[in-house]
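Asks: Following is a predicted model, sequence given first.
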Amino acid sequence: MILTQSKPFEEILSSLDRKKRIFIVGCNVCAAKMNTGGEPEVLEMADRLTKAGYDVVGWVIPTAACSVRSFDSLVEKNALIQKADHILVMACGSGVSLISSLSNVSVSGSNDTLSLGGRAGNESVPHLCILCGNCNLSDFSGICPTARCPKSQMNGPCGGSKGGKCEVLREMDCVWYLIEKKMESLGMFPMLLDIKPPKSHSHL
């Protein structure tokens, strides 16, 4: 899941032109779960923009803004998108980029993309993956040190972690503490004694 946060409203306004007719595209997957682009947020944005003097011609919420079949599929959901001079996308950067590639009008986004993470209940869990294309999660019982260690160490912990906390981000648990704790509880600790080579990124 892509974690996002809403930009300040004034920053969103700075990307819009009052002379243009605006259409809003939300996202019913990640952004909806993050409360940054689901139906309530899209309706609120439309209302705020209208009250600020902008001409909002309509909105649509595809299942996922990053997985839209074609511009025509958006037209099928709401034909008013054809009247827009500008599209405001309330999704992650991937959704904004995809909608831009499908349309022939200017496009901007309302969110900042934070990381590829997850959501457990009401809690967001950031930095679960960095899309390196060379997964070795099986070596660490499903916990990724590449994504969750600021130093991306393949062997750890480093000498700076103390009390199970990260040296770089003191408020964060050291991922190597979490890996060791889990693998020890599963009787898999001996696997950590094998020295792992640095990751190769030559395939990217």
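Replies: Nice, thanks for sending it over.

Asks: Select the longest helix from the protein.
Replies: helix 39-51 (DSSP state H).

Asks: distance between that one and the chain's centre?
Replies: The chain centre lies 21 Å from the centre of helix 39-51; the measure is C-alpha atoms, centre = their mean, to the nearest Å.

Asks: same deal with stretch 172-181?
Replies: 23 Å.

Asks: try stretch 181-188
Replies: 30 Å.

Asks: Stretch 190-204 now?
Replies: Put simply, stretch 190-204 sits 26 Å off its chain's centre (C-alpha atoms, centre = their mean).

Asks: Going by neighbour count, which residues of that stretch are buried?
Replies: Using 16 or more other C-beta atoms under 10 Å as the test for burial, stretch 190-204 gives residue 192. The C-beta positions use only the backbone N, C-alpha and C, and glycine is treated the same way.

Asks: residue boundaries of the strands in the protein?
Replies: Under the criterion DSSP state E, the chain contains strands at 2-6, 21-25, 55-60, 86-89, 106-109, 111-120, 123-129.

Asks: tilt between the last one and strand 2-6?
Replies: It stands for strand 123-129. Put simply, strand 123-129 runs at 120 degrees to strand 2-6, going by axes from the mean of the first three to the mean of the last three C-alpha atoms, to 10 degrees.

Asks: Which elements pack onto strand 123-129?
Replies: Secondary-structure packing of strand 123-129 (3 or more C-beta pairs under 8 Å, 6 or more residues apart in numbering; DSSP states H and E): strand 111-120, helix 145-148.

Asks: TSV please, covering the strands of the chain and showing mean pLDDT, mean neighbour count and distance to residue 160.
Replies: Formatted as TSV, those follow (pLDDT from 0 to 100; neighbours: other C-beta atoms under 10 Å; distance: least, C-beta to C-beta, whole Å):
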stretch	mean pLDDT	mean neighbour count	distance to residue 160
strand 2-6	96	21	26
strand 21-25	98	25	44
strand 55-60	98	19	48
strand 86-89	96	24	40
strand 106-109	95	20	36
strand 111-120	91	16	22
strand 123-129	87	15	18
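
Asks: for those strands, which one sits closest to residue 76?
Replies: strand 55-60 (9.4 Å; C-beta to C-beta).

Asks: counting contacts, what elements does the closest one pack onto?
Replies: Secondary-structure packing of strand 55-60 (3+ C-beta pairs under 8 Å, 6+ apart): strand 21-25, helix 39-51.

Asks: Let me see the domain layout of the chain.
Replies: 2-114, 130-193 (automatic domain parsing).

Asks: what stretches of this protein score poorly on pLDDT?
Replies: In the predicted model, the chain carries pLDDT under 70 at residues 201, 203-204.

Asks: what is the residue nearest to residue 50 when sequence neighbours are not counted paired to in the beta sheet?
Replies: Nearest-residue entry for residue 50: residue 56, 5.3 Å, with adjacent residues in sequence omitted and distances by C-beta to C-beta, 6 or more residues apart in numbering. Applying DSSP bridges to residue 56 gives these bridge partners: residue 22.
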